[in-house]
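S.K.: A structural model of the following input is requested.
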Amino acid sequence: MERMTIKEFKEESNFEVIESIMKMNNGYVTSKELDNFGIHRMYLNSMWKKGIVEKVAPGIYIDINKIEDNYYVFSLSMPNTIYSHMTALYFHGLSIKAPNDKYDITVKKTYNSKHLTKHEVFYVSDDIYELGLTEVKTPMGNSVRVYDVERCICDIIRSKNRMDSEHVKYSIRAYLKRKDKNLVKLSNYAKEMGIKEEVMNYIEVFYE
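M.R.: Got it, this is the predicted structure:
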């Protein structure tokens, strides 16, 4: 058997670590993760050249045998964004509109990025940015940050002039039919967002 050089051994060892990370992350690995393990990012480029991984965004790679999850890749690329409004309601099963490649996202007022121009961006103050923040699984099984159902209902009422009115009505009606709806939480969120009267009026109209 031909002996490995030290360079080849180190490369092979780092490849194994990267592949282990990908197994834990449903096929994904980022340059930032390698920094945490003290592995140089050049190994990702080497694996890409060998056809082991595919680059899906700057600093984000996926096992070549996996199908890209656009929702998850976007959330990794833009960690300061939160899926909100109709996009989040889609994940919660309360929207008739699939997001496709244009997402409803919320960011802090102070945040700005040229990568957000194609999306529907909602800017909020720091005090309500994390109100109702949670995580859900995408259709492909990856965790992304979204607002919970009650926060989303508040958001679509608050931003109704930017939303399709029929979509808003559908989501509110669908929410009110859910056994796990939490009207107390909804009221508290609406109060914190300064829209309690408006939200309660909508709920009263659609409550059956």
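
S.K.: next helix or strand past the helix or strand of the chain with the lowest mean pLDDT?
M.R.: Every helix and strand in the chain was compared by mean pLDDT, DSSP states H and E; the lowest is helix 6-24, with a mean of 73. Going down the chain from helix 6-24, the next helix or strand is strand 28-30, by DSSP states H and E.

S.K.: Now do the helix or strand following that next one: distance to the chain's middle.
M.R.: Per DSSP H and E, the first helix or strand lying C-terminal to strand 28-30 is helix 31-36. Centroid separation for helix 31-36 versus its chain: 20 Å, with Cα atoms, centre = their mean, to the nearest Å.

S.K.: next one: stretch 46-58
M.R.: 23 Å.

S.K.: Also stretch 18-33?
M.R.: Stretch 18-33 sits 18 Å away from the centroid of its parent chain (Cα atoms, centre = their mean).

S.K.: buried ones in that stretch?
M.R.: Judged by neighbour count (16 or more other Cβ atoms under 10 Å), stretch 18-33 contains these buried residues: Ile18, Ile21, Met22, Asn25, Gly27, Tyr28, Val29, Thr30, Glu33. C-betas here are computed from N, CA, C, even on glycine.

S.K.: Kindly reformat the residues you listed as CSV containing distance to Asp127.
M.R.: CSV is the format used below for the buried residues of stretch 18-33 (distance: Cβ to Cβ, whole Å):
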residue, distance to Asp127
Ile18, 40
Ile21, 36
Met22, 38
Asn25, 32
Gly27, 37
Tyr28, 33
Val29, 35
Thr30, 30
Glu33, 32
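
S.K.: Now flag whichever of these is closest to Tyr43.
M.R.: The shortest approach to Tyr43 among the buried residues of stretch 18-33 belongs to Ile18, at 6.3 Å (Cβ to Cβ).

S.K.: Show me the strands in this structure, by range?
M.R.: Ranges of strands within the chain are 28-30, 53-57, 60-63, 82-83, 104-108, 120-124, 133-137, 143-147, based on DSSP state E.

S.K.: Tell me the buried residues in the last one?
M.R.: This means strand 143-147. The neighbour-count check on strand 143-147 (16+ other Cβ under 10 Å) flags Val144, Arg145, Val146, Tyr147 as buried.

S.K.: What's opposite the third one in the beta bridge?
M.R.: The residues listed as beta-bridge partners of Val146 by DSSP bridges are Tyr83, Thr134.

S.K.: can you tell me how far it sits from Tyr207?
M.R.: To Tyr207, Val146 is 25 Å away according to Cβ to Cβ, to the nearest Å.

S.K.: what does the last one give?
M.R.: For Tyr147, the distance to Tyr207 (Cβ to Cβ) stands at 22 Å.
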